[in-house]
Every structure is written in structure tokens, then in C-alpha cells.
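Visitor: Structural data only, the sequence is not supplied:
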């Protein structure tokens, strides 16, 4: 009873969870889940949704919540002890979920359910469950079933190792630069780098591969030699091209084995390749449809990308004395060209986006548009910089106590630090669920994680406009999870939403970062407190689609490589020839032979995006078209229409995964999505 991982009375006790709690908690929860599985699969147990849920779902939900807390800490507060505990538990947890998903007795119970006894939410969840049983090997028998289970366990182990290697390779690199090398780098970045060097007992500036440090150096450092050093280190992380002392992090062999296991899994399930397996629960009907979509979008973007590249080359030659730009020069050239063309720099803009002001502005748009309120609250957290909030609605009509209704809660972990994996993401702590054991409504809780630079010199953290967009993006996911009104856990929030539609609400929110009437409320100069000048915003808007052609092709390159890797590629072969082939087809800027970006492509090798990275571009079509509805109904003051916000909330966010994504989209827009809005938003119409 003293194990915090076994306390489900409220929120996770993150401040009390220790590595030694992992093994005993998992042992208890697995035993409980196993017992529930045996109970509901007994011959005399009814094939009844509510009865099965009250036993099995309650047990597996507790296991999922505890393992979710452990996995989360492994991502944001890594330590040797926690990593060891996590890796020791990973195989047995994976084995249980694999066995559960492939249990033919349980599969038979779900197939035997009477549809007439299911409400619409349960009916959708039951259809999903039957499909997922098939994809989880429930129809396999004998040696094939045993092999399928072994594949799942090994794949989980490999993905975790891939993620660890990527994190460790990033954390292990440091270069201590002298003052002459860092000319041009923004003052706040230099101040943080100097403090980091001092903390290590070193002189100069500690330059790392963490994005809040790496990106500004690549954009602003005048020294091409420093940029080359950093680019080479970043592009060869976790690969065979890394320095000798970092070859222990090489992910090449892991990638080949992961691909081989996925291909074998697909064949066991009766599919030609893993790409075919991947699209079964998605909006796209086939890998061919995805590949056609990507190449079609790529052909439309290519003329704009070629113009972008030509502009960069011309500017570099005429203004920077760079007749033959190298890959580590492009970000620097791009920043200089943007400054010259639009008369502003990212560094100038950044001074107006202090983290507290941005957060207040984000909350204001959420509260206005979705008719909720957000307020700070208290909860056990894993790091002092983590904040906790609750989302509420006004008291219901006829309420006796007049108290606001709790809609959801969320943690916000904004800062980059050692032991925290890179990137930004949303995870669920628990889902909205009308619990079958207590018959009470469980409200959803989310974790929103970013990797922004911390404040220096007693000032609040400063965000780039890209950081602001990232924050809005992750909040879009969070709102999808927290504003749901679905009471069935398996299809509430983002659960049950097709993977290539799950980015719709996140990318939708990004659009508000380009609206003056929204943005002006979330800016205050870090020293003067002055709001972002309209003149500067107009320059930002003019530059909004700067290099959009190049950026679109970059995403298409990643997406096409991912899908071809899981369809046409023979997994026993080296994947680099395929990557070169895709780059030759798509990219308009040369990539050096030593570049090994695939070796840290965590989305597809350690995340949920295998043969699904295209989802970002696919969902961008949906989100741009959805946002067009707000553009069409905006008021004279430029602010979004509340009625449109309500319709979007009800049709998309509240519906969650309780119906196909296309139905939700059509409920909002009255028609199927069109590519036109995306091309227009990105200046490629």
C-alpha cells in the first residue's frame, strides 16, 4: 500500500515514484489483469460489454495508468536506475498486452456481443476492438502465434533501445567554443551556453545538440566552421558515421532488425508488407493512395521549392560571398535572406514572446473559442518547472452547489534539460470514462511536453515564433483529449481516432499563431513590456510562407522514405540507398553522403508513426480546410466566430473517436476536405 504506483485514488504521485517501485507494482497489476482476463474468458461469463468492462477494462486501465507514469518518467526524468527498472519491466508488460490482444477466447467474446445491446459509442469501440484483435494476431494459431508474440516483445525492446541511443548520443555531445567562434549567436543563447560551460568547470561556451542551442547556432553563427562542426555532429548522431567514442550509440543494426520484424509480422497477418498493415485503421485506404498523395503534393510544391533554392543561392553569392553553399550554410543563409527581404529577424521577434505572456494568450483564445476557463492548480510533479492546470465549464443549469464543472486537467513541462528526450508531445494520464466499477465520471488528464530554452539572467524564458506554434500544436492534441464528451474510454478523446486524422486538432491550433487579433494579446517585450508592433507582425506575415516549398518537400521526403521503407524496401538490405533515391526524387538541396538522419528518426522507429509519418501532411489538409471555416466566418474585429468555435468543438473535439474522422469532418464542414486551403495557406495556390 506504500507503493505510489498502486494508488489510483486521484492523480499520479509523480514526486514519490522511485525506480524500486516499478517491479513490485507491475507484478501486482499484471496479476490482477491476468485474473480479470481469465474471469471474462471463462465459458460461463456473458459476452456483455458492461460486464466485461467492469472486470477486464478496470484492471487493464490501472495497469495502463501505472505503466504510463513509468514510461513518462523514463522520457522526462531519465536516470540509470529508472532506465534499468523500465527495461526490466518492458518485456513482461509487452508480453501481457500482446497476449491480451491475441487471446482468441477474448476475441470470440467481442465477436459474440449483441449489437442491439450496445450504445453508439460502445458499438464503435467494439468494431475497433474486433479489427484490432485481427491485427494483433488473434486469428493466428500454433507456432505462428508464438512467433507473433516474440516479435512484439523484441520490437518493443529494440524501439526502447533506439530511443535511448538517440537521447544518449544527443546528451553526450558538447563543444566548448571560444568567443571568436560564436560571433552572431543571440545573447540569451550565449548566456545559457556560458553558464553551462561554467557549470562543467570549462571556459567559453558549451554548445550542445539540444535544439534550443543547436538551431540558433546554425541560424546565426557567422563561423561556417562552427556550423559545419555542429551539423556533422547532429547529422551523424547514433550512426556509423559518428566519432569512434560515440559508435556505441549506432542505431543502424537496430533499424534493420526493426524493419525485418515488421515485415515478418505483416506476412504472418497475411499482408505483403508493413505499410499495408499500417493503413488498416487509418483514413487512407492503401499505401499506394498515400504514395500518390505525397507525390502529387510534392509535384505541386516543387516549383516553389526550386524558386526558394535559387533565391538562397543567389543571395549567398551576392551578399555573403558564398559561391558554393554547403548543407550547414542553408539555415544561416535563410535567416540572412529573411532579414534582408523582410527587415526582421527571429531574434528580434523572440524578445516579444515571453513564456508567461504567450501562455496567457493561448489560454485566452482557448477560453473564448471553446467556452471554458483554465486556472492554475496543484498536483505532485516530476520537476520544479512543471505546472498543473484545470479546465472548467460554468456550473450546469440547476446545479445546487453552483460550482464550475471540471472538464479536464493537464501538466505542462516546457523546458529542455538533460535526461529529457527531445521534441514535443502530448500524452494522456487517464481518459474520460464513465467508470463501470464506480459508475462515476472520470475526467481526462493530459501531459503536454515541450523542449524550450530556459530563461537566463532572471528573465522569463523567450520563445521563438516556432516555439509558440509548437506550444499551440501540442495544446491542440490536449484539447482533443480533454474536451471530449464521450463516456466510453476506448473512443473518448484521441482514442480510436484514425492516426492520419489525429493531427487535425493540433495543426488546426497552429493557425491562430498567425492572427493579429490573437497574437497581440500574447506578446510583451522582455525588457520594455511593449506589445509586438503591428509593423513587425506584418513583416512576419509577409515572411510566413518563406521557403514553404522547401519545407513541404522536406516533410514529403521524410514521409515518402517512411512509406517506401515499409513497402518496397527489402528489410535485410541497407536502407541508405533508398534514402538517397528518395532524396534524389524529392529534395532540391543536396544532402551530404555522411548524413544519417534516419538513425534518429524516432517517430517511425520509436514512436507510433511507422508507415504513418505521412499523417502530418494528410491531416494538414484537414486542418487547413477546417480553419478556413473560421476565416469565412470571422467578425469585423478579426476575431474567430464563437458559433463556429462551438460547432468545431462539438463536431471534432467532443466527438473524439466515437465515429470515423471523415464523418466528424463532414459534420463540421458539410463536405469532404479539399487540398485548396492548404495550398493557399502555404502560398502555393
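Guide: Right, received. Where do you want to start? From a predicted model like this one, the values you see are computed outputs, not experimental measurements.

Visitor: Going by C-alpha atoms from here, please, whenever you check contacts or count neighbours.
Guide: Will do.

Visitor: where's the residue lying closest to residue 320 once chain neighbours are set aside, which helix or strand?
Guide: Distance criterion C-alpha to C-alpha, 6 or more residues apart in numbering; nearest residue to residue 320, sequence neighbours excluded, is residue 333 at 8.0 Å. Using DSSP states H and E, the element containing residue 333 is helix 330-342.

Visitor: Same check on residue 426?
Guide: Using DSSP H and E, residue 426 falls in strand 425-430.

Visitor: Tell me the spacing between residue 646 and residue 72.
Guide: According to C-alpha to C-alpha, to the nearest Å, residue 646 and residue 72 sit 33 Å apart.

Visitor: more crowded one of those two?
Guide: Using other C-alpha atoms under 10 Å as the criterion, residue 646 and residue 72 rank with residue 72 on top: 19 against 15.

Visitor: And the helix or strand hosting the more buried one, what does it pack against?
Guide: Assigned by DSSP H and E, residue 72 belongs to helix 58-76. Here helix 58-76 touches helix 19-40, helix 80-101, strand 425-430, going by 3 or more C-alpha pairs under 8 Å, 6 or more residues apart in numbering; DSSP states H and E.

Visitor: Direction included, what does the strand holding residue 426 pair against?
Guide: Strand pairing for strand 425-430, using DSSP bridges, gives strand 445-452 (antiparallel).

Visitor: list the contacts for residue 73?
Guide: residue 382 (C-alpha atoms under 8 Å, 6 or more residues apart in numbering).

Visitor: picking up where we left off before, okay, the helices and strands packed on helix 58-76, which one's buried deepest?
Guide: strand 425-430 (a mean of 20; mean count of other C-alpha atoms under 10 Å).

Visitor: relative to helix 58-76, how tilted is that one?
Guide: 150 degrees (axes from the mean of the first three to the mean of the last three C-alpha atoms, to 10 degrees).

Visitor: What are the contacting residues of strand 425-430?
Guide: 65, 68-69, 443-450, 474-475, 477-478, 481.

Visitor: between those residues, which is closest to residue 111?
Guide: Within the contacts of strand 425-430, the smallest distance to residue 111 is 26.9 Å, found for residue 65 (C-alpha to C-alpha).

Visitor: ok, the closest one - contacts?
Guide: Residue 65 neighbours (C-alpha under 8 Å, 6+ apart): 429, 430.

Visitor: now, among the contacts of strand 425-430, which is nearest to residue 599?
Guide: Nearest to residue 599 among the contacts of strand 425-430 is residue 450, at 21.7 Å by C-alpha to C-alpha.

Visitor: show me the contacts for the closest one.
Guide: Neighbours of residue 450 in contact, by C-alpha under 8 Å, 6+ apart: 413, 414, 415, 416, 423, 424, 425, 470, 471.

Visitor: can you point me to the longest strand in the protein?
Guide: When the chain is parsed with DSSP state E, its longest strand is strand 405-415.

Visitor: Pass me the low-pLDDT residue ranges in the stretch 201-350 of the chain, would you?
Guide: Scanning the stretch 201-350 of the chain for pLDDT under 70 picks out nothing.

Visitor: Tell me which stretches of it form helices.
Guide: 211-220, 224-235, 252-268, 274-279, 287-319, 330-342, 346-350 (DSSP state H, counting those that start in this stretch).

Visitor: Out of these, which is the most enclosed?
Guide: By mean count of other C-alpha under 10 Å, the helices of the stretch 201-350 of the chain have helix 274-279 as the most buried, with a mean of 23.

Visitor: what's that helix packed up against?
Guide: helix 252-268, helix 287-319.

Visitor: right, so of those, which gets closest to residue 220?
Guide: Here helix 287-319 is closest among those (C-alpha to C-alpha), at 14.3 Å.

Visitor: what packs against the closest one?
Guide: For helix 287-319, the helices and strands in contact under the criterion 3+ C-alpha pairs under 8 Å, 6+ apart are helix 274-279, helix 330-342, helix 548-565.

Visitor: which SS class is residue 391?
Guide: Under DSSP: H, G, I helix; E, B strand; the rest coil, the three-state class of residue 391 is strand.

Visitor: For the most centrally placed residue in the chain, give the beta-bridge partners.
Guide: In the chain, the residue lying closest to the centroid (C-alpha atoms, centre = their mean) is residue 425, at 3.9 Å. Residue 425 forms beta bridges with residue 449, as assigned by DSSP bridges.

Visitor: On the pLDDT front, check it for me.
Guide: In this prediction, residue 425 carries a pLDDT score of 97.

Visitor: ok, now residue 70?
Guide: We have a pLDDT of 98 for residue 70.

Visitor: what's around it, how many residues?
Guide: Neighbours around residue 70, by other C-alpha under 10 Å: 23.

Visitor: Over to the one 5 residues further on?
Guide: By the measure other C-alpha under 10 Å, the count of residues near residue 75 is 19.
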